[in-house]
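S.K.: quick one: sequence plus predicted model below, questions after.
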Amino acid sequence: MKKIYIAGCGGMLGDAFYKVFKENYQLKCTDKDVNEDWISFLDFRDFERYEKDVKDFNPDFLFHLGAHTDLEYCSDNPEDAYLNNTIAVEKAVRIANGLRIPILYIGTAGIFDGQKERYDDWDQPNPVNVYGRSKYLGEKIIQSSAYDYLICRAGWMVGGGPKKDKKYINKIMNQIKNGSKELHVIDGCGGIPTYTYDFARNVKLLIERGERGLYNMVCKGENTDNRLAVTNELVKILGREDEIKVVPVSEEFFKEEYYAKRPPAERLLNRKLELKKLNIMRPWQICLKEYIEENYKECIKNTNNRI
């Protein structure tokens, strides 16, 4: 059984990777947030300990998952963002190179400037904020320095359940749980959800096929997909279209809370996966329904055709 070391495994994506890979691989999962019995403590910014821990496990693959993903935090704390999202990647590459093993790095749609409706695997990144720049620099380090690598770029992450989901869906679900009858949503912020479970499954497929390089990896979606479309679909899944009003607003509405600059669109196109017939990412609407029905059953209105 091959061995995989997963650093930064305590979040929503790490949870999916553990569930998808645990049956076929021997895993060592670490994080500074030990929130599961299958996670052991490691802060991968403690570079000496990180190197020793990986070498002691002697894996066949290193998955470097952890990153600061909060745009406001990164804007307010740029040095910490670069240390976590860029410098730590340099160290991870050095560890993987020392063992002559491949490294997996998680990229993001947030490295683009949003001037196009959709970006494929070969489009030139042009980040507009600290988060995007720190992640793009991580990509460049991997591509220029890694002995062997796989970079998979995600879009708007969906997954982890209420316990680990710190992203958009759980924020909206918390509003609904608290009795909100109006959801204010920015109209025009374009992007495509990425279900963590599908993402992990597609990564597993690439690894087992021996694929390397850079791949966009988001759910199937359209050029018109945005926050408004996602929220309307969520309310529909819950069966609460008659109770909850989705109100389109401009970015100005949230300028105090979400003040970091954002691209107007960050939709990815899985062109390489499609050309190689390796795209097993499902439409985001199907994934969102599955996710909500598995994690938020108490919020779904009872009708004849819903849970």
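M.R.: Received it, and whenever you're ready, just let me know what you need.
S.K.: so which helix or strand takes in the residue lying closest to residue 127 once chain neighbours are set aside?
M.R.: Once flanking residues are discounted, residue 127 sits nearest to residue 133: 4.3 Å by CB to CB, 6 or more residues apart in numbering. All C-beta atoms are positioned from the backbone trio N, CA, C, and that covers glycine. Applying DSSP states H and E as the criterion places residue 133 in helix 130-145.
S.K.: need the contact partners of that helix.
M.R.: In this structure, residues lying in contact with helix 130-145 by CB atoms under 8 Å, 6 or more residues apart in numbering are 67-71, 74-75, 78, 81-82, 84-86, 89-90, 93, 97, 103, 105, 107-108, 110-112, 125, 127, 149, 151, 214, 260, 263.
S.K.: what's the average pLDDT for stretch 16-27?
M.R.: Model confidence over stretch 16-27, given as mean pLDDT, is 98.
S.K.: same question, stretch 174-192
M.R.: Averaging pLDDT along stretch 174-192 gives 93.
S.K.: same thing with stretch 261-277?
M.R.: Across stretch 261-277, the per-residue pLDDT values average to 97.
S.K.: how about it as CSV, C-alpha atoms only?
M.R.: As requested, the backbone C-alpha atoms of stretch 261-277 are provided in CSV (Å, rounded to 0.1, in the frame of the first residue of the first chain):
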residue,chain,number,x,y,z
LYS,A,261,-10.2,43.7,-3.9
ARG,A,262,-11.8,40.8,-5.7
PRO,A,263,-11.8,39.9,-9.4
PRO,A,264,-15.2,40.3,-11.0
ALA,A,265,-15.1,36.8,-12.3
GLU,A,266,-12.9,33.7,-11.5
ARG,A,267,-14.6,30.9,-13.4
LEU,A,268,-12.3,28.1,-14.5
LEU,A,269,-12.6,25.8,-17.5
ASN,A,270,-11.3,22.2,-17.1
ARG,A,271,-9.9,22.2,-20.6
LYS,A,272,-6.9,19.8,-20.0
LEU,A,273,-9.1,17.3,-18.1
GLU,A,274,-11.7,17.4,-20.9
LEU,A,275,-9.1,16.9,-23.6
LYS,A,276,-7.6,13.9,-21.8
LYS,A,277,-11.0,12.5,-21.0
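S.K.: good, we can wrap up now.
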